[in-house]
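A.B. asks: Sequence plus predicted model, see below.
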Amino acid sequence: MHKHISQSALTDLLKWEGQTCLSLYMPMERSFPDREQNPVRYKNLLRQLSEQLGDDANAQTRQSLQQFEALLNDASLWNKPRGGLAVLASGNEFRVFVLQQSVPEQVRVDRQPYLQPLLRISQTDGHFQLLSLTRDKVRLFEGNQDSLEEVELHEAVPRNLEQALGTELTPKDQSGQPGGHSNAAEKAGGMTMHEAGGGGKQAEIDIDRERYFRAVDKSIIEHHSRSIPLILAALPRNQAAFRALSHNQQLLAEGVALDPALLDVATLRQHCDEIMTRRYNAWLDGLLERYGAAQGTGLTCQDLNEIGQGAVAGRVSLLLVESGRKVPGVVNSNTGAVDLYPAEEGSTDNGADVLDQLIPQALRNGAEVVVVSPGVMPTEAGVAAVFRF
């Protein structure tokens, strides 16, 4: 029942249109005794959700509310809380997302799910896998900026070099460095002796290492890799050797080039967080450069009405939305025309927010939508778009 945010999950939520959609977000306390308040907070938000429905509740939405209420009996949800919780329902659909990051309290009743928090987390939580690799031990972790947990390896994954090669392993009493490179090879720029046309015992040890790494790479791809980045933690010479033969499409070019046997989990997570932060910043810088480059072509826009019409027509290529910004109003789902509410009448408590309505419209028509912090937003309007034409 509990899901992780993925592109396929977000794509699925975009299909929820035309029926009443219920959205509930809440932060969760992880430590005892504060976590005992999580169900209480959830009950309060559930009451607010019911009040927003009011007289509009029909048989289907009442059934959805019963599913919300049933979560109070889900011991796995409350006994092992994460950073936040998102619960969404529409028609016969019901989704529960356990979030690594905290989210502000929010309940919405609208004709579409409230996606901005999920979209932002999917872009910034830095979910990754970490492969810790030494001669003596293979370990796999999964985590993000907040946590790193070891994954139980499939039985097909070799736990170390000896298990990978068995009786074919070069005996330990042969000369050569355990790490796989002789001093002469290191002076030659890391090229192994057999690559240089030489031979001998060191070359056999280098071959052992390559076969070991191939076995690890193949089994990790087959049994563990998913559509999230893979970071390699290994000594520099092993980083180069593993990358030279790896076929894992998720393996990042930057790794933790230290001996993982000497690092605790907290230190490993810190190094990985630094890598993922640099990766995210580079990605965001690229998007902002893309917007800046388009400004001289007449294909950028910050007018809500024009962006709304462009989103419905499929003209929007990139949509930047300011995190936490609310613009009271409605977007016509057929034309994209935006009707802003006067400030004294506007209230986003009922989900009538223009930016939240623009996001699914743009996504459904192939736009790249990015939720950015206020300090990064290139306009004062809370929204910016790059048009295709």
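C.D. replies: Yep, that arrived.
A.B. asks: Helix or strand next in line after the worst-scoring helix or strand of the chain on mean pLDDT, which one?
C.D. replies: Least confident element among the helices and strands of the chain, by mean pLDDT, DSSP states H and E: helix 183-187 (a mean of 35). Downstream of helix 183-187, the next assigned helix or strand under DSSP states H and E is helix 201-223.
A.B. asks: which strands and helices sit next to that next one?
C.D. replies: Packing partners of helix 201-223 (3 or more C-beta pairs under 8 Å, 6 or more residues apart in numbering; DSSP states H and E): strand 128-133, helix 161-165, helix 236-245. For glycine as for every other residue, the C-beta is placed from the backbone atoms N, C-alpha and C.
A.B. asks: try it again with 10 Å
C.D. replies: Packing contacts for helix 201-223, counted by 3 or more C-beta pairs under 10 Å, 6 or more residues apart in numbering; DSSP states H and E, involve strand 128-133, strand 138-143, helix 161-165, helix 183-187, helix 236-245.
A.B. asks: Residue 357 - that's part of a helix, no?
C.D. replies: Yes - counting by DSSP: H, G, I helix; E, B strand; the rest coil, residue 357 is located in a helix.
A.B. asks: before we move on, back to that, out of the helices and strands packed on helix 201-223, which one sits most buried?
C.D. replies: With neighbours taken as mean count of other C-beta atoms under 10 Å, the helices and strands packed on helix 201-223 reach their highest mean count in strand 128-133, at a mean of 24.
A.B. asks: Report the angle between it and strand 138-143.
C.D. replies: Counting by axes from the mean of the first three to the mean of the last three C-alpha atoms, to 10 degrees, strand 128-133 lies at 160 degrees to strand 138-143.
A.B. asks: how far is strand 128-133 from where the chain is centred?
C.D. replies: Its chain's C-alpha centre and that of strand 128-133 lie 16 Å apart, by C-alpha atoms, centre = their mean, to the nearest Å.
A.B. asks: Equivalent analysis for stretch 110-120, please.
C.D. replies: The chain centroid and the centroid of stretch 110-120 are separated by 16 Å under C-alpha atoms, centre = their mean.
A.B. asks: pLDDT averaged over that stretch - what is it?
C.D. replies: Stretch 110-120 carries an average pLDDT of 89.
A.B. asks: Now that residue 28 has come up, it's in contact with residue 97, right?
C.D. replies: No - using C-beta atoms under 10 Å, residue 28 is not in contact with residue 97, being 11.7 Å away.
A.B. asks: anything in contact with each of the two?
C.D. replies: Residues touching both residue 28 and residue 97 by C-beta atoms under 10 Å, 6 or more residues apart in numbering: 82, 84-85, 103.
A.B. asks: Nearest to residue 239, out of those: which one, please.
C.D. replies: Closest approach to residue 239 among the shared contacts of residue 28 and residue 97 (C-beta to C-beta): residue 82, at 31.6 Å.
A.B. asks: I figured residue 94 hits residue 24, correct?
C.D. replies: No - using C-beta under 10 Å, residue 94 makes no contact with residue 24, being 11.4 Å away.
A.B. asks: higher neighbour count, these two?
C.D. replies: Ranked by neighbour count (other C-beta atoms under 10 Å), residue 94 and residue 24 place residue 24 first, with 22 against 17.
A.B. asks: ok, for the more buried one, nearest residue in space, not its chain neighbours?
C.D. replies: Leaving aside its sequence neighbours, residue 24 sits nearest to residue 87 (C-beta to C-beta, 6 or more residues apart in numbering; 4.6 Å).
A.B. asks: same for the helix or strand in which the one you found is found, what does it pack against?
C.D. replies: Assigned by DSSP H and E, residue 87 belongs to strand 84-90. Contacts defined by 3+ C-beta pairs under 10 Å, 6+ apart place strand 84-90 against strand 21-27, helix 38-53, helix 59-70, helix 75-79, strand 93-99, strand 106-110, helix 116-124.
A.B. asks: Pull out the buried positions in the second one.
C.D. replies: Along helix 38-53, the positions that meet the burial threshold by neighbour count (16 or more other C-beta atoms under 10 Å) are 38-39, 42, 45-46, 48-50, 52-53.
A.B. asks: Extract the C-alpha trace of it and format it as PDB.
C.D. replies: Written as PDB, here are the backbone C-alpha positions of helix 38-53 (Å, rounded to 0.1, in the frame of the first residue of the first chain):
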ATOM      1  CA  ASN A  38       1.500  11.500  14.500                       C
ATOM      2  CA  PRO A  39      -1.900   9.700  14.600                       C
ATOM      3  CA  VAL A  40      -3.400  12.600  16.500                       C
ATOM      4  CA  ARG A  41      -2.200  15.100  13.900                       C
ATOM      5  CA  TYR A  42      -3.500  12.800  11.200                       C
ATOM      6  CA  LYS A  43      -7.000  12.700  12.800                       C
ATOM      7  CA  ASN A  44      -7.100  16.500  12.900                       C
ATOM      8  CA  LEU A  45      -6.200  16.800   9.300                       C
ATOM      9  CA  LEU A  46      -8.700  14.100   8.400                       C
ATOM     10  CA  ARG A  47     -11.400  16.200  10.200                       C
ATOM     11  CA  GLN A  48     -10.400  19.300   8.200                       C
ATOM     12  CA  LEU A  49     -10.600  17.200   5.000                       C
ATOM     13  CA  SER A  50     -14.100  16.100   5.900                       C
ATOM     14  CA  GLU A  51     -15.100  19.700   6.700                       C
ATOM     15  CA  GLN A  52     -13.900  20.900   3.300                       C
ATOM     16  CA  LEU A  53     -16.000  18.200   1.600                       C
END
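A.B. asks: Packing partners of it?
C.D. replies: strand 21-27, helix 59-70, helix 75-79, strand 84-90, strand 106-110.
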